[in-house]
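Colleague: sequence unknown, structure follows:
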């Protein structure tokens, strides 16, 4: 991997490299996104048995009634594996802060430092707004908003949002894409909005917001998710992890937007 | 405070289903929104769990039992992926309930430590404790004993994480030190049921919990085959900072491998003062913030 030159960045990298693993990137690196025979879902990066999309993305997302209003780009910074420290961190950062929060902030720091322009170069449209996905229960002051969103510079306008409906199902889970669960109080028409989400399990919370933004007139919507959660209790996921174990250490130069070693518009 | 709750009875029932505890088998299900009582629905099994828990409490009357669901459970243990399902605590628990929590550094190393290393462990423990850090170790002979007795002698807080039941004293030479901690000069923590004897597996397990309890681990002296290497491995897997004394980084293959890897949070201390400075830099660590203007 390319070790960042700056000595301070090297110290920051040491905090996350051994526990975090770039999504879509494997040690063999033969499974580049969208290549024939790829066994990772092209939307969310979850292992599949040779299909281009996983079951949830195929049926819940691409086949949804809102399929014309889906995001233009998806980027994931790391896999979070259920029986490993990365999987614990994405839950724990909310209650304890500590090392877990520090690691997620460090991942975002590297994104802003190395890849802030990649969505713009990939779509041709600069990002003007950013929105943190509201928590399932509509609680204010969620750490995604209070701790992680501030890593992004104030020049990005914050989209004002109100969560107006509880998830359809019991608990914290959104069971399908539903743009009506959020009210968008900012004018985003013609704009490129970046959505910030902490964890993707099925993506319905982030996608409900994305569709809402498109319906509100946003020209481009890009979704940045810190972690794609991988549950080892799923057989396909477990077998893929066994085959690719150990996952490579986190490399901040790997581009989450192109899912390759090169950023859009050049290496 | 009562430890005998429905969830704790269900948890103990789950853990005691077979002769060996099978926590890893249930842990992933339980962190994904499930409670122990979702997995134990049979009333006879619940009663068995409750009875087992009451027997544990009876054998460790001076200690407190906390499961990972209880407020008294040390919050920093919940941060690691392989957190223990319960702990027994004995001694002064109040620092756990302050805003900063029980901020401490693990000082560990060989049981058969050199005289020089014993002095270094004492020096590091004394300095860190004087500035308010809790000294965490395993109440073993050698480096552990040196660091923890140095803290006790100056009236500072030290936490002993043991590889047996909390009602046991192992090795017996640590008995007096452990009793002082239990009496309130610090605290003793055990992740094993009362009465548990030391086994080959229990010490590496204990090292994992110790790594999780501290903000960082300093390895003062260790040999190639030293049990301390388990703590080094666990700290790296937990993403916890590890500070190696230079001889450990130079003369053991595992220490050298870690010290040479730029992708792990491992630091080499050339002097005892270096180790102290590195420990404080970890305790006062701040998250990075982008400084240069970035174009989105």
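Modeller: Here it is on my side, so go on. Every value quoted in this text rests on a predicted model; they were computed, and no experiment measured them.
Colleague: The residue lying closest to residue B:214 once chain neighbours are set aside pairs with what?
Modeller: Nearest residue to residue B:214 in three dimensions, chain neighbours excluded: residue B:106, at 3.9 Å (C-beta to C-beta, 6 or more residues apart in numbering or on different chains). To be clear about C-beta, it is placed using only N, CA and C from the backbone, and glycine gets the same treatment. On the basis of DSSP bridges, residue B:106 is bridged to residue B:136, residue B:217.
Colleague: so what's residue B:106 up against?
Modeller: B:136-137, B:210-211, B:213-214, B:216-218, B:231 (C-beta atoms under 8 Å, 6 or more residues apart in numbering or on different chains).
Colleague: Now do it against chain A, distance only.
Modeller: Here the criterion is C-beta to the nearest C-beta, to the nearest Å. By it, residue B:106 lies 14 Å from chain A.
Colleague: distance of that residue from residue B:152?
Modeller: 16 Å (C-beta to C-beta, to the nearest Å).
Colleague: Kindly report the same for residue A:123.
Modeller: From residue A:123 across to residue B:152, the span is 63 Å (C-beta to C-beta).
Colleague: cool, and residue B:177?
Modeller: Per C-beta to C-beta, residue B:177 is found 7 Å from residue B:152.
Colleague: can you give me the helices for the stretch 1-150 of chain A?
Modeller: Remark: helices assigned in the stretch 1-150 of chain A by DSSP state H, counting those that start in this stretch are A:7-16, A:55-56, A:85-92, A:98-115, A:118-123, A:143.
Colleague: okay, those, which one's buried deepest?
Modeller: helix A:85-92 (a mean of 24; mean count of other C-beta atoms under 10 Å in any protein chain shown).
Colleague: Just want the angle from that helix to helix A:7-16.
Modeller: Going by axes from the mean of the first three to the mean of the last three C-alpha atoms, to 10 degrees, helix A:85-92 is angled at 90 degrees with respect to helix A:7-16.
Colleague: Helix A:85-92 to helix A:98-115, inter-axis angle?
Modeller: Helix A:85-92 and helix A:98-115 meet at an angle of 100 degrees, taking the same axes, to 10 degrees as the criterion.
Colleague: just checking, what packs against helix A:85-92?
Modeller: Counting contacts by 3 or more C-beta pairs under 8 Å, 6 or more residues apart in numbering or on different chains; DSSP states H and E, helix A:85-92 is packed against strand A:73-81, helix A:98-115, strand A:220-230.
Colleague: go again using 10 Å as the cut-off
Modeller: strand A:73-81, helix A:98-115, strand A:192-200, strand A:220-230, helix B:23-31, helix B:228-238 (3 or more C-beta pairs under 10 Å, 6 or more residues apart in numbering or on different chains; DSSP states H and E).
Colleague: Sort out which residues of the fifth one are buried, please.
Modeller: For helix B:23-31, a neighbour-count test (16 or more other C-beta atoms under 10 Å in any protein chain shown) marks B:23, B:26-28, B:30-31 as buried.
Colleague: lowest confidence element among the helices and strands of chain B?
Modeller: Sorted by mean pLDDT, DSSP states H and E, the helices and strands of chain B end with helix B:23-31, the least confident at a mean of 87.
Colleague: That one: what's the following helix or strand?
Modeller: Downstream of helix B:23-31, the next assigned helix or strand under DSSP states H and E is helix B:36-39.
Colleague: from the chain's centre, how far out does that next one sit?
Modeller: 27 Å (C-alpha atoms, centre = their mean, to the nearest Å).
Colleague: Same question for it: list its buried residues.
Modeller: Going by neighbour count (16+ other C-beta under 10 Å), the buried part of helix B:36-39 is B:36-37.
Colleague: Residue B:105 against residue B:216, yeah?
Modeller: Yes: Residue B:105 lies in contact with residue B:216 (C-beta atoms under 10 Å); the separation is 5.5 Å.
Colleague: Around chain A, pick out the residues from the stretch 151-296 of chain B.
Modeller: Proximity of the stretch 151-296 of chain B to chain A (C-beta under 10 Å from any C-beta of the partner chain) is limited to residues B:212, B:215, B:236-241, B:261-267, B:281, B:285-296.
Colleague: Among those residues, name the ones in strands.
Modeller: The strands, defined by DSSP state E, take in B:266-267 from these.
Colleague: Only the buried residues of stretch A:245-265, if you could.
Modeller: Of the residues in stretch A:245-265, those buried (16+ other C-beta under 10 Å) are A:247-260, A:263-264.
Colleague: any idea whether the residue of the stretch 151-267 of chain A found nearest chain B is helix, strand or coil?
Modeller: Going by C-beta to the nearest C-beta, chain B is nearest to residue A:249 of the stretch 151-267 of chain A, at 4.6 Å. Of the three states, residue A:249 takes coil according to DSSP: H, G, I helix; E, B strand; the rest coil.
Colleague: what residues are up against it?
Modeller: By C-beta atoms under 10 Å, 6 or more residues apart in numbering or on different chains, residue A:249 lies in contact with A:1, A:13-14, A:16-22, A:27, B:261-264.
Colleague: same question, residue B:210
Modeller: Residue B:210 touches B:106, B:108, B:136-138, B:144, B:159-163, B:189, B:191, B:217, B:230-231, B:234-235, counting by C-beta under 10 Å, 6+ apart.
Colleague: ok, and the closest non-adjacent residue to residue B:81?
Modeller: Nearest non-adjacent residue to residue B:81, counting by C-beta to C-beta, 6+ apart: residue A:88, 4.0 Å away.
Colleague: between the helices and strands packed on helix A:85-92, which one is nearest to residue B:256?
Modeller: Across the helices and strands packed on helix A:85-92, residue B:256 has its closest neighbour in helix B:228-238 (11.5 Å, C-beta to C-beta).
Colleague: Check whether residue A:46 really touches residue A:234, as I assumed.
Modeller: Yes: between residue A:46 and residue A:234 a contact is recorded at 8.4 Å, counting by C-beta under 10 Å.
Colleague: higher neighbour count, these two?
Modeller: More crowded of residue A:46 and residue A:234, by other C-beta atoms under 10 Å in any protein chain shown: residue A:46, with 26 against 15.
Colleague: before we move on, could you check phi and psi at residue B:191?
Modeller: Backbone torsions of residue B:191, given as degrees, to the nearest 10, read phi -100, psi 10.
Colleague: Name the helix or strand for the nearest residue to it once chain neighbours are set aside, please.
Modeller: Closest residue to residue B:191 apart from its sequence neighbours, by C-beta to C-beta, 6+ apart: residue B:84 at 4.0 Å. Using DSSP H and E, residue B:84 maps to neither a helix nor a strand.
Colleague: ok, residue B:84 touching residue B:205?
Modeller: Yes: with contacts defined as C-beta under 10 Å, residue B:84 counts as touching residue B:205 at a distance of 8.0 Å.
Colleague: which residues are common contacts for these two?
Modeller: With C-beta under 10 Å, 6+ apart, residue B:84 and residue B:205 have common neighbours B:23, B:191-192.
Colleague: Can you convert these into CSV and add a column each for distance to residue A:226?
Modeller: Shown next, in CSV, are the shared contacts of residue B:84 and residue B:205 (distance: C-beta to C-beta, whole Å):
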residue, distance to residue A:226
B:23, 28
B:191, 31
B:192, 36
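Colleague: ok, how many other residues are close to residue B:294?
Modeller: 17.
Colleague: any idea which residue sits dead centre in chain A?
Modeller: For chain A, residue A:225 is the residue whose C-alpha lies nearest the centre (C-alpha atoms, centre = their mean; 1.3 Å).
Colleague: Out of the residues of the stretch 151-296 of chain B next to chain A, which end up buried?
Modeller: The buried subset of these (16+ other C-beta under 10 Å) comprises B:212, B:215, B:236-241, B:263-267, B:287-288, B:290, B:294, B:296.
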